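Engineer: fold the following for me, if possible:
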Amino acid sequence: MGLGTLVMAQSAAFQFENSARKKMQASTVQDATPMVNPTQYQNHVLPKATNDVEPIDLFSSLNVYTLLVQEQTCITYNDDIDAIMFTARGNTNDIGTGNDIATTVSVDGGATFAKGVSAGPNGGNNRYPSGAIYNPAGNTDPANAYKVMLAPITGGSGWLGNNFATNNWDNTALYNEFRTASSSGDMLIRGGFDVDANGICHVAGVEYTTTFSWAKGYIFKGVFDGTAGGFTYTDADMDVPFHFSSGAYDARTSANMAFSPDGSVGYAMFIGGDARAATDDLTGYQPIIYKTTDMGATWSLMSILDLKNNPVLVGSGPLPGGLWERIWPLRRTQNTAEEIFKPWFAETDIVVDHNGNLHIMALCQGTYSDYPDSLGYTYTYEKGTLFEIYNENQSDEWIVRYIDTLETRDVAAEDSGYGAGSDAVGWDMRLQASRSADGKAVFAIWTDTDSEFFSEEVNLYPDVRGWGHLVDGGLFTDVKDFTNQGATYGENYFMFVSPTAIKHSDDLWEIPISKSDIRTTNDPGQPVYHDYLKGITFERNEFIYGVGIEQMDFVNSVTAYPNPVSEALSIEVNLNKASNLNIEMTNLLGQRVYALNANGVAGKNIYTLDVNNMKSGIYFYNISANGQKTTHKVVVK
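Structural biologist: The predicted structure follows:
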């Protein structure tokens, strides 16, 4: 059995695929023909119970081709008027048509919503719409606010351009602008749509050809025109230093933007191989970042991110059994004396705090190869690890913090059971970021599957998980699973997260989140049904951790193996100097299930824990040394 496990681990570590190409294809689908006889979805009998998260009906869309890319802004919150808005395509016999942009708004904390058609076709049919709320400075009445929207436009066989739309709160004063597709290529504008009270909005995009022989970044700036009753837009092309090899740019079609609460400091982020790296030391796909300190009037390119062999990204490196704790090393260096680790950013989202510092929430895997023609490749079976990467003093120096190791990996279209052939649709982990309106708390939200209950290696049954960080003081939370065994257990597909969280008090934040039901029809060409998830909250008393290994003077590394574990768990703690150690293990409810005090020596310390009597599930083990604490996750099966 041990040999079989080792062989499987080694084979998984050698398989790879062109992840960049797969991501691009997933974001360029326009629509699908309904299936004649879609496969009926077989629901699991799940141990569901009432919990704090309640699904609230929103409306339905004609099909799933309104949800596929999480860079859209489909749910948003405005703190000044305490309003939530959800945006998607409409659906005949429910709201408008599938070519319309529909919105629904709530002014009672998400208890009830009022829906309407906010923009019709403009030069073509709307796909993948985004929406945000513009509330003029000083206004407290939602009736005086505006709905601001944008959507790529299709004629059915190709992309024609993008529709920029503004409407009033009751959808009676539509203003449109239309940007045609250029001769250079397509651009599906959707990245980090941001509107502030100053009457300025921003969004980023990448113009590209299908072969990526052309790829250029763009930043769009909209200014509210009171006479026109809407936003008028200008754009600036950014010569993003994407690496170029074999006739193609190493770039992704996604981009993102975020601004500080006052709108003065902003960042635009593009993802690709960075051409500024040395030719013999190329990067994987990683952020290339621009910064503004004058509300988007001018932009400057920040220094290249140097994350090679970052100790937090690497963790403890090799594990017993042939794999690695966090990101995997370059294929050419595997099992050598000096393995090289370079991150490949599979999913990202960003927010900016009240100090003007950028927080990148990132799902990273290991770059498979740093050869010029292979930067888009990753390991097929690497699930990935979540990190927060942020700067201080708005500088080019970056701090990396570990968040979580995923239980499952992306769902490939052919494995989803949702659609067939070229119309089959898969999904990823939907990683997104949010912050409080005052910018003092930031959050990472994503989906993952309860792999122990469902016995799955891919994210077929997504639940909503989250993590929070208080900017001043640096306290952060454990990972929370909000929907496990709740009303939407295993059914939180195509989740969207508001960039702004609701602050109920100094001690309570709520994250506006939507999810969509795809399994009722189980056909990408048939309607999908959207819900608001009311009750995704963080409390101040959950922010109890304040330091990671990268900041601890005493602890050099921590490893637990095997993970998952069924009998005996070994916890290995490497200390820089002798110290008293406290090891505590808790379940998802925060209940302590194990505790140990020990005198650790400088160097390696190994402690063994019998888990035979523990229930299957996710646990956290906390290591404290000299008053400093680090937290890690382990799965008991």
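
Engineer: isn't I399 right up against N393?
Structural biologist: No - I399 is beyond contact range of N393, at 11.3 Å (criterion: CB atoms under 8 Å). Any C-beta I mention is one placed from the backbone N, CA and C, and that applies to glycine too.

Engineer: pick out whichever of those two has more residues nearby.
Structural biologist: The residue with more neighbours, out of I399 and N393, is I399; 16 against 9, by other CB atoms under 10 Å.

Engineer: who are the neighbours in contact with the more buried one?
Structural biologist: When contacts are counted by CB atoms under 8 Å, 6 or more residues apart in numbering, I399 touches 389-392, 550.

Engineer: quick one: it from M495, how far?
Structural biologist: Using CB to CB, to the nearest Å, we find I399 at a distance of 27 Å from M495.

Engineer: got it, and N597?
Structural biologist: Distance from N597 to M495, by CB to CB: 41 Å.

Engineer: looking at these two, which has the bigger crowd around it?
Structural biologist: More crowded of N597 and M495, by other CB under 10 Å: M495, with 26 against 10.

Engineer: how about the secondary structure of that one?
Structural biologist: strand (DSSP: H, G, I helix; E, B strand; the rest coil).

Engineer: thought it was touching I513?
Structural biologist: Yes - between M495 and I513 there is a contact at 6.1 Å, judged by CB under 8 Å.

Engineer: what touches both of those two?
Structural biologist: Joint contacts of M495 and I513 (CB under 8 Å, 6+ apart) are 445, 464.

Engineer: so what's N563 up against?
Structural biologist: So N563 contacts 569, 634-635 (CB under 8 Å, 6+ apart).

Engineer: quick check: phi and psi at it.
Structural biologist: With angles defined as degrees, to the nearest 10, N563 sits at phi -140, psi 100.

Engineer: any idea what the closest residue to A433 other than its chain neighbours is bridged to?
Structural biologist: Nearest non-adjacent residue to A433, counting by CB to CB, 6 or more residues apart in numbering: D349, 4.0 Å away. Beta-bridge pairing for D349 (DSSP bridges): M361.

Engineer: check contacts around D349.
Structural biologist: Contacts were defined as CB under 8 Å, 6+ apart; by that measure D349 touches 70-71, 256, 360-361, 431-433, 444, 497.

Engineer: which ones among these are found in strands?
Structural biologist: With strands taken from DSSP state E, the overlap with the contacts of D349 comprises 256, 360-361, 432-433, 444, 497.

Engineer: tell me the two of those that are most distant?
Structural biologist: Pairwise distances among the ones in strands among the contacts of D349 were taken by CB to CB; the largest, 15.0 Å, belongs to I360 and V497.

Engineer: ok, those two, which is more surrounded?
Structural biologist: V497 (29 against 26).

Engineer: count the residues that sit near the residue lying closest to that one once chain neighbours are set aside.
Structural biologist: Among residues not flanking V497 along the chain, Q432 sits closest, at 3.8 Å (CB to CB, 6+ apart). Residues near Q432, counting by other CB under 10 Å, number 28.

Engineer: quick one: Q432 from T447, how far?
Structural biologist: 10 Å.

Engineer: same question for L160.
Structural biologist: From L160 to T447 the distance is 32 Å (CB to CB).

Engineer: sorry, back to before: show me which of the contacts of N563 is closest to Y529.
Structural biologist: V635 (32.0 Å).

Engineer: and the closest one, what is it in contact with?
Structural biologist: Contacts of V635 by CB under 8 Å, 6+ apart are 407, 451-452, 563-565, 617-619.

Engineer: want to try JSON lines for the ones in strands among the contacts of D349, with pLDDT as columns?
Structural biologist: As requested, those are exported to JSON lines (pLDDT from 0 to 100):
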{"residue": "N256", "pLDDT": "96"}
{"residue": "I360", "pLDDT": "99"}
{"residue": "M361", "pLDDT": "99"}
{"residue": "Q432", "pLDDT": "98"}
{"residue": "A433", "pLDDT": "99"}
{"residue": "A444", "pLDDT": "99"}
{"residue": "V497", "pLDDT": "99"}
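
Engineer: and which of the residues you listed is nearest A215?
Structural biologist: Checking the ones in strands among the contacts of D349 against A215 by CB to CB gives N256 as the nearest, at 15.8 Å.

Engineer: overlap of the contact sets of Q432 and T447?
Structural biologist: Taking CB under 8 Å, 6+ apart as the contact rule, the neighbours common to Q432 and T447 are M495.

Engineer: run the chain-centre distance for stretch 423-430.
Structural biologist: Stretch 423-430 sits 14 Å away from the centroid of its parent chain (CA atoms, centre = their mean, to the nearest Å).

Engineer: quick check: end-to-end length of that stretch?
Structural biologist: End-to-end distance for stretch 423-430, by CA to CA, to the nearest Å: 20 Å.

Engineer: quick one: mean pLDDT over it.
Structural biologist: Averaged over stretch 423-430, pLDDT sits at 95.

Engineer: one more: stretch 557-571?
Structural biologist: Averaging pLDDT along stretch 557-571 gives 85.

Engineer: so how far is E388 from the residue nearest the centre of the chain?
Structural biologist: The chain has L431 as the residue nearest its centroid, 1.7 Å off, counting by CA atoms, centre = their mean. In this view, L431 and E388 are 11 Å apart by CB to CB.

Engineer: any residues in contact with both of the two?
Structural biologist: Common neighbours of L431 and E388 (CB under 8 Å, 6+ apart) are 361-362, 444.

Engineer: name only those of these that count as buried.
Structural biologist: When these are checked for burial by 16 or more other CB atoms under 10 Å, the buried set is 361-362, 444.

Engineer: and which of these is nearest to G124?
Structural biologist: Out of the buried ones among the shared contacts of L431 and E388, the member with the shortest distance to G124 (by CB to CB) is M361, at 33.0 Å.
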